[in-house]
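Asker: The sequence and its predicted three-dimensional model are supplied below.
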Amino acid sequence: MAKIASPRPTGFLALLSVATLLVLAALYCVAFVARPDVTLGIVQKIFYFHVSSAIAMMLCLSCGSMLSLIDLFAPSDRIDALAHSAIETGLAFALMVLTSGPLWARKSWGAWWTWEPRLTLTLMLLLLAAAVLGIRSMAADGSGRKIAAALASLAAPIAYLIHVAVEKWGGTHPMVLKGGGIQSPGMQLTFRVAMLAILLFAATLWTLRFRVLRLEQRLHALRLELSAQDVRKQRPGAPT
Amino acid sequence: MLLRLTWLLLQKDLRVAARSREVFGFMLLFALLCVVVFAFGFLREGEAAAAQVPGVLWVTLLFSGTVGLLRLFAAEEEGGTLMLAERTLAGATPLLLSKALMQLLFSGVTTLLLLPVVLVFFDASLAQPAWVLAALALGLVGQAMLGALVAALLVHVRLREVLLPLVLYPLLAPLVIAGVRITVLTQAGAPMEALDGWLALMLGFDALVLVAAPWLHARVVEL
């Protein structure tokens, strides 16, 4: 039987504690170290978690798509669980981005939503990830995994084309980071801490889901073994 | 072998379609209904109707294509021959290609019949028909190939009538955006150079899908 994550999750607990401490540190920095932006005011502080979540989302979804492709080449339960949990984590962060985005947009652009290229792309990624996960849960055990893997690996190049299309389509897009970006040392420090905190938080969620999926796979394997044993036991006195 | 099998499967599908005449007629009727519903939704007294043509045209084709895609594998599924058709000597690719061609044929004819209707209903005319037709052709090829792939993958999935559009529409987003933009730009009399980038995007999408879809289909079906 496949070796599964150890029952004593020492590494995971360490990751969880470090991530928790860093998130608290990031919150402290956002509140007290970084000063409010001169033009945007206090709403600019959304930036620290918004941008890091967007980066975490992109990382998770690209990893999920690549791992899905690998799973098509060389199917393995471990890769499959890694890919699936990556897409789930990516979806969680897409939701985070699409919650903090409109809050920011309302204050800085005057509207809750604009069809700005990066917002549109994030929305499309959310829809794609949700569709892939939905199909996986609807299909019967074996086939759902392969179907989801095929669609997830196709989604990455198509997401790039969506990116090209929405960039060409949406004329104006306010750039926060382009040229200069954030300059005050307090803001830079805060951004780095928040970035690290969110990435570790993403890694924690990913690992957690991965462990749960591996345990589910193990449970499934044990159930199969059990029913096979039942059949073997019944065979001598098979129904006449 | 591959082309011959594809041709034979396509012939079979065409013969079945010619005898039953169900799916194509429904697809056409559905497309017509879409246009009518869009007219209810978008037309305002005193506003030029022609401005709505690009959106109405492309979204109608997106929606009506789904009707065909959902029935694409119905014959194989009901007859229980899907597995047999997938396990031929040439692999599962002929089946996928024949279905994509079938879908392309249906959606192509639907488009040719629908285009004049939309233009009449919305009191418009095409400024540069050649470019719009090229964009439509590229869009329908991409939709047929990707749609056939998704339909093939979802044959045995529960709730596939709901899931097919759910996964297909976001994947087709580049084609819809580019198609609508090209139609809008030609209506506005934009120079040819403005269209190049959009057509290249559609070409890139079609190339990606034409290469990736058969490969992914084979990986999923034959494993």
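Answerer: Nice, I can see it.
Asker: Whatever helix or strand B:L149 lives in: how far from the chain's middle?
Answerer: B:L149 belongs to helix B:129-153 when elements are defined using DSSP states H and E. Averaging C-alpha positions (C-alpha atoms, centre = their mean, to the nearest Å) puts helix B:129-153 5 Å from its chain's average.
Asker: tell me which residues in the next helix or strand after it are buried?
Answerer: Per DSSP H and E, the first helix or strand lying C-terminal to helix B:129-153 is helix B:160-171. Within helix B:160-171, the residues that qualify as buried are B:R160, B:L163, B:L164, B:P165, B:L166, B:V167, B:L168, B:Y169, B:P170, B:L171, counting by 16 or more other C-beta atoms under 10 Å in any protein chain shown. Placement of C-beta: from N, CA and C, glycine included.
Asker: pretty sure the second one contacts B:L153?
Answerer: No - counting by C-beta atoms under 8 Å, no contact exists between B:L163 and B:L153, whose distance comes to 9.8 Å.
Asker: Going by residue numbers, what spans are strands in chain A?
Answerer: Read by DSSP state E, chain A holds no strands at all.
Asker: low-scoring pLDDT stretches of it, where are they?
Answerer: Within chain A, the set of residues satisfying pLDDT under 70 comprises A:1-7, A:140-141, A:171-183, A:236-240.
Asker: Now for the residue sitting nearest the centre point of it: which residues touch it?
Answerer: Centroid-nearest residue in chain A, with C-alpha atoms, centre = their mean: A:G90, separated by 1.7 Å. By C-beta atoms under 8 Å, 6 or more residues apart in numbering or on different chains, the residues touching A:G90 are A:M57, A:C60, A:L61, A:G64, A:L125, A:A129.
Asker: which ones are touching the closest residue to the last one other than its chain neighbours?
Answerer: So the one you mean is A:A129. Of all residues not flanking A:A129 in the chain, A:L91 sits nearest, at 4.4 Å (C-beta to C-beta, 6 or more residues apart in numbering or on different chains). Neighbouring residues of A:L91 by C-beta under 8 Å, 6+ apart: A:L126, A:A129, A:A130, A:L133.
Asker: Skipping its backbone neighbours, what lies nearest the third one in space?
Answerer: Excluding its sequence neighbours, the residue lying closest to A:A130 (C-beta to C-beta, 6+ apart) is A:L91, at 6.2 Å.
Asker: Let me know the average pLDDT across the helix or strand harbouring B:V176.
Answerer: Element membership of B:V176, judged by DSSP H and E, is helix B:173-187. In this model, helix B:173-187 has a mean pLDDT of 92.
Asker: Export that helix to PDB, keeping only CA atoms.
Answerer: Taking C-alpha atoms only, helix B:173-187 is exported to PDB below (Å, rounded to 0.1, in the frame of the first residue of the first chain):
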ATOM      1  CA  ALA B 173     -13.600  33.600 -23.700                       C
ATOM      2  CA  PRO B 174     -10.600  34.600 -25.900                       C
ATOM      3  CA  LEU B 175     -12.600  33.700 -29.100                       C
ATOM      4  CA  VAL B 176     -15.700  35.500 -27.900                       C
ATOM      5  CA  ILE B 177     -13.800  38.600 -26.900                       C
ATOM      6  CA  ALA B 178     -11.700  38.700 -30.200                       C
ATOM      7  CA  GLY B 179     -14.800  37.900 -32.400                       C
ATOM      8  CA  VAL B 180     -16.900  40.600 -30.900                       C
ATOM      9  CA  ARG B 181     -14.000  43.100 -31.100                       C
ATOM     10  CA  ILE B 182     -13.300  42.300 -34.800                       C
ATOM     11  CA  THR B 183     -17.000  42.700 -35.600                       C
ATOM     12  CA  VAL B 184     -17.200  46.000 -33.600                       C
ATOM     13  CA  LEU B 185     -14.000  47.300 -35.300                       C
ATOM     14  CA  THR B 186     -15.200  46.500 -38.800                       C
ATOM     15  CA  GLN B 187     -18.600  48.200 -38.100                       C
END
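Asker: Any buried residues in it, and which?
Answerer: Buried-residue list, helix B:173-187, by 16+ other C-beta under 10 Å: B:173-183, B:185-187.
Asker: and A:F32, how many neighbours does it have?
Answerer: Number of residues near A:F32 (other C-beta atoms under 10 Å in any protein chain shown) recorded here: 10.
Asker: which residue ranges form the helices in the chain?
Answerer: Picked chain A for this. Ranges of helices in chain A, per DSSP state H, are A:10-28, A:46-73, A:77-108, A:117-138, A:141-169, A:185-234.
Asker: if you could check chain B rather than the one you did, that'd help
Answerer: Under DSSP H, chain B gives helices at B:2-20, B:23-42, B:53-71, B:74-79, B:82-86, B:93-121, B:129-153, B:160-171, B:173-187, B:192-222.
Asker: Enumerate every residue touching the nearest residue to B:F106 once chain neighbours are set aside.
Answerer: Distance criterion C-beta to C-beta, 6+ apart; nearest residue to B:F106, sequence neighbours excluded, is B:G68 at 4.8 Å. Contacts for B:G68 (C-beta under 8 Å, 6+ apart) come out as B:V23, B:F24, B:M27, B:Q103, B:F106, B:S107.
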